[in-house]
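K.L.:
Quick one, fold the following:
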Amino acid sequence: MAFSFLTQELAIDLGTANTVIFLNDKIVLDEPSIVAIDQTNGKPIAFGHMARMMHERTNPNIKTVRPLKDGVIADFNAAELMIRGFVKMINNRKGWFTPNLKMVVAVPAGSTEVEIRAVRDSSEHAGGHDVYIIYEPMAAALGIGLDVTAPVGQMVVDIGGGTAEIAVISLGGIVCKESIRVAGDVFTAEIQQYMRQQHNIKVGEITSELIKINVGAALSELDNPPEPYVVRGPNLMTAHPVEIGVTHQDVAHCLDKSIAKIETAILNVLEKTPPELYSDIVDNGIYLSGGGALLRGLDKRLSKKVNIPFKVADDPLRAVARGTCAALKNVEKYPFLMK
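P.N.:
Model prediction:
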């Protein structure tokens, strides 16, 4: 291809919580999906980590926006600003002209035509010339290293920030799938609510996220439990500062109902799976990816419920991005990419 040096190929995992971008097989960007906007003129002031530090700490002139909600674009304008800002962050480091961009972007498997359109339009407005779309469970399977084109049933459970995606894949296509809006964001909100109800203490989204990362668990009995995580915040009655040690049992207890919803969804997909593929899945196990896969004891809890072994992918947070990158290299070979 002429002028191939002017074309940049980006693989983008546009997540509700984090956006990961691959360029030439390397991660060039891994930032929270958030943008800070100056209310007076509508211009963006910060993206990613910088904007995340401002989140819930802003004054009325600055607004932090998470453009994606439940895995899909909720604020079109902010999403476009964010993608453009991220692409600029990559290219600022070199060169003085903007290259043509060829992109593969991952979207949830439950996305409607309109939602996919929004992702495509945002990417095109941000400078993408060739934009391909891939479904997240498919990307996760590629990122885990499964051969998705083989005539074998593979099952992937990808628990991200906005959605939990469950899919059975065979011969390069999704056989049956379920996408539910119970994932990392819901976990974070439930921890916030639990702290308010049980401990009478008000915590913000960022603190709640830290609780989830430090002591998040899906089972109350763990082999090597983490140390309790100390949280400071105002008492709801007196507004005096209080300190509380949150244990993994607390988290396991408050996430119980949400994880049960994910279990139900997994069983629904298994019910719909053709018997031949089902036996393949029993032989191969089910793969867990996404940030939710990092909850301590989740694989054990799910294996116990479903009676099929669950395996956590290596580096589950970036499985979708790695798979998107693999798809980008073989755009012609994979029929499941949507142009």
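K.L.:
Remind me which helix or strand Lys300 belongs to.
P.N.:
helix 298-306 (DSSP states H and E).
K.L.:
If you could redo that for Gly162, that was the one I meant.
P.N.:
Going by DSSP H and E, Gly162 is not part of any helix or strand.
K.L.:
my read: it touches Gly15, true?
P.N.:
Yes. Counting by Cβ atoms under 8 Å, Gly162 touches Gly15, with 7.5 Å between them. Any C-beta I mention is one placed from the backbone N, CA and C, and that applies to glycine too.
K.L.:
what do those two both touch?
P.N.:
Common contacts of Gly162 and Gly15 (Cβ atoms under 8 Å, 6 or more residues apart in numbering): 68, 71.
K.L.:
sec struct for the residue lying farthest from the centre of the chain, please.
P.N.:
Relative to the centre of the chain, and counting by Cα atoms, centre = their mean, the farthest-placed residue is Thr238 at 37.4 Å. Under the three-state scheme (DSSP: H, G, I helix; E, B strand; the rest coil), Thr238 adopts coil.
K.L.:
Okay, it and Gly204: tell me how far apart.
P.N.:
When distance is defined by Cβ to Cβ, to the nearest Å, Thr238 is 19 Å away from Gly204.
K.L.:
before we move on, what about Met54?
P.N.:
When distance is defined by Cβ to Cβ, Met54 is 12 Å away from Gly204.
K.L.:
If you count surrounding residues, which of the two has more?
P.N.:
Ranked by neighbour count (other Cβ atoms under 10 Å), Met54 and Gly204 place Met54 first, with 16 against 13.
K.L.:
So for that one, what's the pLDDT?
P.N.:
Looking at Met54, its pLDDT is 89.
K.L.:
Without its sequence neighbours, what residue ends up closest to it?
P.N.:
Nearest non-adjacent residue to Met54, counting by Cβ to Cβ, 6 or more residues apart in numbering: Ala36, 5.0 Å away.
K.L.:
now for the host helix or strand of that neighbour, which elements pack on it?
P.N.:
Using DSSP H and E, Ala36 maps to strand 35-38. Packed against strand 35-38 by the contact rule (3 or more Cβ pairs under 8 Å, 6 or more residues apart in numbering; DSSP states H and E) you find strand 44-47, helix 48-54, strand 62-65, helix 76-91.
K.L.:
Let me see the mean pLDDT of that strand.
P.N.:
93.
K.L.:
Partner strands of it and their direction?
P.N.:
With DSSP bridges as the test, strand 35-38 is paired with strand 44-47 (antiparallel), strand 62-65 (antiparallel).
K.L.:
count of neighbours near Lys339?
P.N.:
Neighbour number of Lys339 under other Cβ under 10 Å is 8.
K.L.:
any idea how far Thr64 is from the residue nearest to Met54?
P.N.:
From Ala36 to Thr64 the distance is 5 Å (Cβ to Cβ).
K.L.:
Who is Gly173 paired with across the strands?
P.N.:
On the basis of DSSP bridges, Gly173 is bridged to Ser170.
K.L.:
Also the one 4 residues further on?
P.N.:
Partner residues in beta bridges with Lys177: Ala167, with DSSP bridges as the criterion.
K.L.:
Surely it touches Thr163?
P.N.:
No. Between Lys177 and Thr163 no contact is recorded; they are 11.1 Å apart, counting by Cβ under 8 Å.
K.L.:
Identify the contacts common to the two.
P.N.:
Contacts common to Lys177 and Thr163, judged by Cβ under 8 Å, 6+ apart, are Gly110.
K.L.:
So between those two, which is more surrounded?
P.N.:
Comparing Lys177 with Thr163 by other Cβ under 10 Å, the one with more neighbours is Thr163, at 29 against 21.
K.L.:
residues of the strand holding Ala36 that come out buried?
P.N.:
Within strand 35-38, the residues scored as buried using 16 or more other Cβ atoms under 10 Å are 35-37.
K.L.:
Among those residues, which one lies nearest to Leu328?
P.N.:
Val35 (24.5 Å; Cβ to Cβ).
K.L.:
For Asp185, see how far away that closest one is.
P.N.:
Taken as Cβ to Cβ, the span from Val35 to Asp185 is 17 Å.
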